[in-house]
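S.K.: Please find the sequence and the predicted model below.
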Amino acid sequence: MLMLFAGCFLTSIHPTMAQSNQPTPVAGKPTAADAAIPEQFLPLYQELEETLRQARQIYPYQKANARPLVTANLLQATSSLHVPDSGDWKDLLATLDAFQAMNINAVHVLIMAPDLLETNATALVGFYQRLANEIHSRNMKFYVEHFVYPPASAHVPKEMQDFLSKHALKGLHDDPQGRKDFLNMMEKEISLVYRDIKPDYLSFVTEPETLLRWTHLSFSADDLANWVGEVSTRLKSTGASSNTLLGAGALTWESEDFDIKFAQQANLDYIDIHLYALRLKSEDQLARLSTLVQKIRQQRPNMRIALGEAWLLKTTGASEPSPPVYRTAFFQNNFSFWSPLDQQFLGLLMGVAQKENISIVVPFFSQFYFTNYTFGDVESSKLPPWPLSDAASWDKAVESIHNHQLSPTGKAMNAMLEDGGK
């Protein structure tokens, strides 16, 4: 299945959520009493804890050694959530300040097709130009991931179906002309980002099997790799943004042919791999990642690797997750009792990056650096189902940001980055 379900699906709408007036308390690492594990989650917690323990023995994080660029996701700046007023803009700036204070190196934003072609492109591009200036003024990099809206389907919460019916791609035909039209549309958007927004990193194919499933178009790995190569060559030939690095890649459990064939494209600068599950269908995803990195570097010894989306997936590794499983797993991210495992996963992510010489990592659910919910209390009982819960948790995170507060997960991440290697 897909994981950009998390990456772009959750950002499709951002309704106003009821917010607590109580500031998030400052807390250190959770004690057993603070983070009591609900009985129904204990077997999964123990399974994930043991998997993390074993993996961290193989990939210990050495703080004194060189580390990757660490990137935080800025959900509020997703293209469908174009910030319209001064209050929201101030919240964005406060979030950037909070990232900077944590020693975060870069900011990740999703731009969804066909937003740049169907909305007021001038205003949207202008917004991203302002955002890029603010990010760069704080000595951080700007990382853009370009993807498409998911289709409205039975897996989509009813509140989102009308929105997606208006915004998702329509009228795609799986024939030679239809596939050509789709790729032309994608290139127009990518070219606009490259030429006018000029991010430091631009990933323009990620999770290709998800892309094919959502669009119902038939592209082989060779088809997409050839297109990636042609587009990256055309972009660079313009000289419009010589400092922008171009990337493409896949989920760890998607076919490795995508990553390997993308790596063969001479004008592609990095491979963007998404890592969520540590085990899937009894397969070790970190071992799979390590093998994939070796194969990529056999093709391109100096090819950069990015973990362009990553977070600990709260599911058993027995089988490939389905959409209902995603909704449950990502909803569980909200609760504080998972924080010790999230902290361990972040340390593991840094260790993997050091050992595999990965240049950039993007822990995706960055709101949990600032906030969590207590499982079973009144406030958490009002959380809407995922993906709407992520909008609510970001609203709560912004409260903590204005109060200069970090969650235990955020404190752990900050500690890893303080005075660490560069």
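M.R.: Nice, thanks for sending it over. Numbers count the residues shown, from 1 in each chain.

S.K.: Could you double-check that residue 306 lies in contact with residue 247?
M.R.: Yes - applying C-beta atoms under 8 Å as the test, residue 306 and residue 247 come out as touching, 6.2 Å apart. Where C-beta positions appear, they are placed from N, C-alpha and C, glycine not excepted.

S.K.: Find residues that contact each of those two.
M.R.: 201, 203, 270-272 (C-beta atoms under 8 Å, 6 or more residues apart in numbering).

S.K.: Nearest to residue 181 among those?
M.R.: Distance to residue 181, by C-beta to C-beta, is smallest for residue 203 among these, at 22.2 Å.

S.K.: Beta-bridge partners for the closest one, please?
M.R.: Beta bridges link residue 203 to residue 145, residue 247, judged by DSSP bridges.

S.K.: which residues touch residue 404?
M.R.: residue 98.

S.K.: What are the boundaries of the strands in the protein?
M.R.: For the chain, the strands defined by DSSP state E cover 69-73, 106-113, 141-148, 201-205, 245-248, 270-275, 279-280, 283-284, 304-310, 360-363.

S.K.: List the pairing partners of the second one within its sheet, with orientation.
M.R.: Take DSSP bridges as the rule and strand 106-113 pairs in its sheet with strand 69-73 (parallel), strand 141-148 (parallel).

S.K.: will you turn the ones you listed into TSV that also has mean pLDDT and mean neighbour count?
M.R.: TSV is the format used below for the strands paired with strand 106-113 (pLDDT from 0 to 100; neighbours: other C-beta atoms under 10 Å):
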stretch	mean pLDDT	mean neighbour count
strand 69-73	97	25
strand 141-148	95	24
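
S.K.: So which of these is nearest residue 277?
M.R.: The minimum distance between residue 277 and those falls on strand 69-73, with 18.5 Å, by C-beta to C-beta.

S.K.: Okay, now the unreliable bits of the chain?
M.R.: Low-confidence segments of the chain, defined by pLDDT under 70, span residues 1-35, 81-86, 119, 152-168, 317-326, 419-422.

S.K.: number of nearby residues for residue 112?
M.R.: 24 (other C-beta atoms under 10 Å).

S.K.: Likewise for residue 39?
M.R.: 7.

S.K.: ok, now residue 215?
M.R.: For residue 215, the neighbour count with other C-beta under 10 Å is 19.

S.K.: measure residue 338 to residue 393 for me?
M.R.: Applying C-beta to C-beta, to the nearest Å, the value for residue 338 to residue 393 is 13 Å.

S.K.: would JSON lines of the shared contacts of residue 306 and residue 247 with distance to residue 278 be doable?
M.R.: JSON lines is the format used below for the shared contacts of residue 306 and residue 247 (distance: C-beta to C-beta, whole Å):
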{"residue": "201", "distance to residue 278": "25"}
{"residue": "203", "distance to residue 278": "22"}
{"residue": "270", "distance to residue 278": "23"}
{"residue": "271", "distance to residue 278": "20"}
{"residue": "272", "distance to residue 278": "19"}
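
S.K.: Please name the spatially closest residue to residue 412 (chain neighbours excluded).
M.R.: In space, and not counting its chain neighbours, residue 412 is closest to residue 343: 4.0 Å by C-beta to C-beta, 6 or more residues apart in numbering.

S.K.: Show the contacting residues for that neighbour.
M.R.: By C-beta under 8 Å, 6+ apart, residue 343 lies in contact with 29, 408-409, 412-413.

S.K.: Return the member of the residues you listed nearest to residue 316.
M.R.: residue 409 (22.1 Å).

S.K.: and residue 189, which of the strands of the chain is closest to it?
M.R.: Short answer: strand 106-113, nearest of the strands of the chain by C-beta to C-beta, at 5.2 Å.

S.K.: now the closest one against strand 304-310, angle please.
M.R.: Computed by axes from the mean of the first three to the mean of the last three C-alpha atoms, to 10 degrees, the angle separating strand 106-113 from strand 304-310 equals 70 degrees.

S.K.: Report the angle between strand 106-113 and strand 201-205.
M.R.: Counting by the same axes, to 10 degrees, strand 106-113 points 40 degrees away from the direction of strand 201-205.

S.K.: gap between strand 106-113 and the chain center?
M.R.: Centre-to-centre, strand 106-113 and its host chain are 8 Å apart (C-alpha atoms, centre = their mean, to the nearest Å).

S.K.: now do stretch 289-303
M.R.: With C-alpha atoms, centre = their mean as the basis, stretch 289-303 stands 22 Å off its chain's centre.

S.K.: Just the CA atoms of that stretch, as CSV, please.
M.R.: Below are the C-alpha coordinates for stretch 289-303, written out as CSV (Å, rounded to 0.1, in the frame of the first residue of the first chain):
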residue,chain,number,x,y,z
LEU,A,289,16.9,-0.2,2.8
SER,A,290,20.6,-1.0,3.3
THR,A,291,20.6,-3.3,0.3
LEU,A,292,18.9,-0.8,-1.8
VAL,A,293,21.4,1.9,-0.9
GLN,A,294,24.2,-0.4,-1.9
LYS,A,295,22.6,-1.1,-5.3
ILE,A,296,22.0,2.6,-5.9
ARG,A,297,25.6,3.4,-5.2
GLN,A,298,26.8,0.6,-7.5
GLN,A,299,25.0,2.7,-10.2
ARG,A,300,26.0,6.1,-8.9
PRO,A,301,28.7,6.0,-6.2
ASN,A,302,28.2,9.6,-5.2
MET,A,303,24.4,9.7,-5.4
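
S.K.: What residues of that stretch count as buried?
M.R.: Of all the residues in stretch 289-303, those buried under the rule 16 or more other C-beta atoms under 10 Å are 289-290, 292-293, 296-297, 300, 303.

S.K.: Next, format the strands of the chain as CSV and append distance to residue 237.
M.R.: Putting the strands of the chain into CSV (distance: least, C-beta to C-beta, whole Å) gives the following:
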stretch, distance to residue 237
strand 69-73, 27
strand 106-113, 22
strand 141-148, 19
strand 201-205, 15
strand 245-248, 12
strand 270-275, 19
strand 279-280, 40
strand 283-284, 40
strand 304-310, 21
strand 360-363, 25
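
S.K.: Having no further points to raise, I will conclude here.
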